[in-house]
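> Predicted coordinates and the sequence they were generated for:
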Amino acid sequence: MSATDLVTAAPVGRDTQVWRPGRPFRLESGAELAEVQVAYRSWGRLAPDRSNAVLVCHALTGSADADVWWAGLFGPGKALDPARDFIVCSNVLAGCYGSSGPIQPHPGDGEPWGSRFPLVTIRDMVRLQALLLEHLGVERLALVLGPSLGGMQVLEWAATYPERVAAIAPIGVSGRHSAWCIAIGEAQRRAIYLDPEWRDGRYPADRPPRHGLAVARMMAMVSYRSWENFEQRFGRKLQDWDGQYAAASYLNYQGEKLYRRFDANTYVRLTQAMDSHDLARGRGSYAEVLGGIGIPALVVSVDSDVLYPPHEQHELAQLLPQAHYEVLHTPAGHDGFLIETDTLSDMLLAFRPR
């Protein structure tokens, strides 16, 4: 198995399409990608008046397969109904599920970009999405929604392209990344950097990356759940087969599961992009910027979220002039938006402008 085989192991759904603008894409940093591509999926058809487009934005390790990771929101009578909506979800810039990112070949030597892939921001991701939607004939979005990293994109859509968005639904996210989240992300990246197999962002050809990315995921999973969730699910139970605590076994399983489907360099670049998230950056004061977003917004908290605690969404709802605030009640923690999908779907249906 070659090094290229290893870094391109992230699966891309068979229904995923890839679009290339055919021109260079300049990043917010000033760096330029001479070639760029975006992987995406769509469901339903764009209405003749082009009024039914909905954009779904995925979280950190997600993909364009929104009907897989958010299946509970899709279908007849649900928040995302292909019989009513033209739904689009794209893999983010710097992702590893088909869009330009560290696992894609560098135009100079054909080897994977790896750690050479430039820094990107949430704004870069949104600008590439905007180009994709223009290509698809979408002039205005009836709704933009997404959780976590996806919620950052949702808010950036409202700040960057307010004339192109009718409503937004940011879920489990803040308007700017907190010191708490930056610290957690840095600790996860350091686990990757200290991986014995890490060599300038590349791994040897005879074995896949595992230790650093697995440990980063283990740290993340603790922040994605809650004290109550771990106590209810695991307590002090031991595994019968190896005597390991059930909670420890769960984290080890989650770490191994991620390194088999994701890329370490991608994880680094996406968490760095999340750290850049600040709606007010270069635009004015935080309160003024949010106060200037006059788009109807459904702001959703998960009451047990320790990563993006509810007071951050409550602040968003207070500052956004047309915000409606809802709370998902669950002990599941941050990942509650992936679990309580029936309740979330009902919230979105009640909110969506008619």
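Good, I have the coordinates.
> What strand or helix carries residue 120?
Following DSSP states H and E, one finds residue 120 outside all helices and strands.
> got a list of what residue 53 touches?
Taking CB atoms under 8 Å, 6 or more residues apart in numbering, we find residue 53 in contact with 46, 85-88, 133, 138, 140-142. Heads up, the C-betas are built off the backbone N, CA and C, glycines and all.
> Walking through this structure, point out its strands one by one.
Ranges of strands in the chain, per DSSP state E, are 17-19, 25-26, 32-33, 38-43, 53-56, 86-90, 143-147, 168-171, 297-302, 323-328.
> For residue 313, which of the ones you listed is the nearest?
Nearest to residue 313, of all the strands of the chain, is strand 297-302, at 4.1 Å by CB to CB.
> Count the neighbours of residue 233 for me.
For residue 233, the count of nearby residues is 14 (other CB atoms under 10 Å).
> tell me the domain boundaries of this protein?
Listed domain ranges for the chain are 3-179+279-351, 182-272 (source: automatic domain parsing).
> got TSV for those, with mean pLDDT too?
Output for the domains of the chain, formatted as TSV (pLDDT from 0 to 100):
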stretch	mean pLDDT
domain 3-179+279-351	95
domain 182-272	88
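> right, so those: which one is the most enclosed?
For the domains of the chain, the largest average neighbour count (mean count of other CB atoms under 10 Å) is found in domain 3-179+279-351, namely a mean of 19.
> can you tell me which residue is nearest the centre of the protein?
Closest residue to the average C-alpha location of the chain: residue 59 at 2.1 Å, with CA atoms, centre = their mean.
> That one contacts residue 145, correct?
No: using CB atoms under 8 Å as the test, residue 59 is too far from residue 145 to be in contact (11.9 Å).
> for this protein, what spans make up the helices?
Applying DSSP state H to the chain gives helices spanning 3-7, 66-69, 122-135, 149-160, 179-193, 211-224, 227-233, 246-259, 264-275, 286-291, 310-319, 336-339, 341-351.
> right, so of those, which gets closest to residue 16?
Per CB to CB, nearest to residue 16 of the helices of the chain: helix 66-69, 11.2 Å.
> can you give me how far that closest one is from the chain middle?
In terms of CA atoms, centre = their mean, to the nearest Å, the centre of helix 66-69 is found 13 Å from the chain centre.
> helices and strands around it, which ones?
Packed against helix 66-69 by the contact rule (3 or more CB pairs under 8 Å, 6 or more residues apart in numbering; DSSP states H and E) you find strand 38-43.
> partners of the strand it packs on in the sheet?
Sheet pairing for strand 38-43, assigned by DSSP bridges, gives strand 17-19 (antiparallel), strand 86-90 (antiparallel).
> Output these in CSV; the columns should cover distance to residue 72.
What follows is these, written out as CSV (distance: least, CB to CB, whole Å):
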stretch, distance to residue 72
strand 17-19, 24
strand 86-90, 14
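> Same list, the helices of the chain, but as TSV with distance to residue 173 please.
Shown next, in TSV, are the helices of the chain (distance: least, CB to CB, whole Å):
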stretch	distance to residue 173
helix 3-7	29
helix 66-69	16
helix 122-135	11
helix 149-160	3
helix 179-193	10
helix 211-224	13
helix 227-233	20
helix 246-259	21
helix 264-275	10
helix 286-291	13
helix 310-319	7
helix 336-339	10
helix 341-351	14
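> any idea how far residue 73 is from residue 82?
Using CB to CB, to the nearest Å, residue 82 is found at 11 Å from residue 73.
> Could you do residue 345 as well?
Counting by CB to CB, the gap from residue 345 to residue 73 is 5 Å.
> what does residue 313 give?
From residue 313 to residue 73 the distance is 19 Å (CB to CB).
> Over to residue 100?
27 Å.
> Residue 48 now?
When residue 48 is compared with residue 73 (using CB to CB), they lie 25 Å apart.
> So which residues make contact with stretch 131-140?
The contact list for stretch 131-140 (CB under 8 Å, 6+ apart) reads 19, 21, 25, 38, 40, 42, 46, 50-51, 53, 55, 86, 88, 90, 141, 163-166.
> run the last query once more with 10 Å
Applying CB atoms under 10 Å, 6 or more residues apart in numbering, the contact partners of stretch 131-140 are 17, 19-21, 23, 25, 36-40, 42, 46, 49-55, 86, 88, 90, 99, 130, 141, 161, 163-166.
> tell me the contacts of residue 315?
So residue 315 contacts 174-175, 286-287, 290, 299 (CB under 10 Å, 6+ apart).
> correct me, but residue 302 touches residue 347?
No: the criterion here is CB atoms under 10 Å, and residue 302 misses it with residue 347 at 11.9 Å.
> anything in contact with each of those two?
Counting by CB under 10 Å, 6+ apart, the contacts common to residue 302 and residue 347 are 171, 327-328, 340.
> tell me which of these is nearest to residue 212?
The closest of the shared contacts of residue 302 and residue 347 to residue 212 turns out to be residue 171 (CB to CB; 28.9 Å).
> could you measure that closest one against residue 317, distance?
12 Å.
> which neighbours do the two share?
In contact with both residue 171 and residue 317: 298-301, 326, using CB under 10 Å, 6+ apart.
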